[in-house]
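S.K.: coordinates only, sequence not included:
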């Protein structure tokens with residue numbers, strides 16, 4: 001139904017070039033891409049239906065899906081540059097307390113070639129590690145208090 005946007009993430013997983021189905025169960029992958037192509041062709045008359053696909057492997061997409069009237073425009077989105085990496089790190093850490101010695105500019109410099117997802121994962125792991133360390137420090141402090149208390153008795 002129009003208007004709508006159909007978004008296929010990881011398009012390469014369902015739209016690989018046909019014919020190379022080694023290990024494919026009876027050409028199932030070919031049948032899937034054939035059906036997708038048929039459905040896309042049926043939508044060319046609809047003015048307010050937009051089909052968008054995302055992939056990090058455009059080289060293995062079936063060429064038929066990239067023909068005019070289907071997914072006929074390829075937009076390359078590069079990995080983030082240094083200012084973008086800084087912004088991504090800031091956005092990911094905006095609700096987290098950060099130690100004064102954390103240098104986001106330095107982290108941005110050494111993460112050249114990292115994607116936004118990579119940077120998000122780093123931030124999430126760092127936050128989890130900080131929480132774990134804080135809990136362990138509190139447990140150690142409590143044990144020391146208990147030991148002092150017992151020694152005083």
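M.R.: Now that the structure is in, tell me what you want to look at. Every value quoted in this text rests on a predicted model; they were computed, and no experiment measured them. Numbering: from 1, shown residues only.

S.K.: what helix or strand does the residue nearest the centre of the chain sit in?
M.R.: By CA atoms, centre = their mean, the chain has its centre lying nearest to residue 117, at 4.4 Å. Residue 117 is part of helix 116-152 when elements are defined by DSSP states H and E.

S.K.: The worst-scoring helix or strand of the chain on mean pLDDT - contacts with which helices or strands?
M.R.: Every helix and strand in the chain was compared by mean pLDDT, DSSP states H and E; the lowest is helix 28-42, with a mean of 85. Counting contacts by 3 or more CB pairs under 8 Å, 6 or more residues apart in numbering; DSSP states H and E, helix 28-42 is packed against no other helix or strand. Backbone N, C-alpha and C define where each C-beta goes, glycine included.

S.K.: Give me the mean pLDDT for whichever helix or strand comes after that helix.
M.R.: Taking DSSP H and E as the definition, the helix or strand that follows helix 28-42 towards the C-terminus is strand 49-53. Averaged across strand 49-53, the pLDDT comes to 88.

S.K.: can you pull the buried residues of strand 49-53?
M.R.: Neighbour-count burial for strand 49-53 flags 49, 51, 53 (criterion: 16 or more other CB atoms under 10 Å).

S.K.: Which single one of those is nearest to residue 89?
M.R.: Each of those was scored against residue 89 by CB to CB, and residue 53 proved nearest at 28.4 Å.

S.K.: Skipping adjacent residues, who's closest to that closest one in space?
M.R.: residue 11 (3.6 Å; CB to CB, 6 or more residues apart in numbering).

S.K.: tell me, how many neighbours does that neighbour end up with?
M.R.: Using other CB atoms under 10 Å, residue 11 has 22 neighbouring residues.

S.K.: No more questions from me, cheers.
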